[in-house]
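1. okay, predicted coordinates and the sequence, questions at the end:
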Amino acid sequence: MRKGIVAPKSIAFAIRVVGMYKFLSAELREYVLSKQLLRSGTAVGALIREAEHGQSKADFLNKMNIALKEANESDYWLLLLREGNYLTEIQYQSIQADCDELIKLLASIVKSTKMSLGR
């Protein structure tokens, strides 16, 4: 299953998000959007970890679905940071590509899990 791929990618993404938060808060004094990104960006991996130890397939699906929502939320905060000129286009494209990859992986996991549950 793809969760073997998505877990390490979510950890790498969280590490990048933490680094970006440190930069944005220390160098640019941006606290509101970066704090939201920090929360949602680190939640993705935590939810994937919870899903791996879900009590049932339905619990696994629920946690992965929430991880997908958090990844989508992270994409939103990244967009606002770019539009607010806190991130250069190059910085945005780099981390957004990682976020987009997570979204696609999680969407695939959610879809295939739903199919296996007959939903």
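-> In hand now; what should we look at?

2. quick one, what contacts the residue nearest to the spatial centre of the chain?
-> Per C-alpha atoms, centre = their mean, the C-alpha nearest to the average position across the chain is that of residue 71, at 3.2 Å. Residue 71 is in contact with 40, 44, 99, 102, 103, 106, counting by C-beta atoms under 8 Å, 6 or more residues apart in numbering. Placement of C-beta: from N, CA and C, glycine included.

3. repeat that for 7 Å
-> Each residue near residue 71 by C-beta atoms under 7 Å, 6 or more residues apart in numbering is listed here: 44, 99, 102, 103, 106.

4. okay, now the first one: neighbour count?
-> Read that as residue 44. Counted with other C-beta atoms under 10 Å, residues neighbouring residue 44 total 30.

5. over to the last one?
-> Close neighbours of residue 106, defined as other C-beta under 10 Å, add up to 28.

6. so what's it closest to, chain neighbours aside?
-> Spatial nearest neighbour of residue 106, excluding adjacent residues (C-beta to C-beta, 6 or more residues apart in numbering): residue 68 at 4.1 Å.
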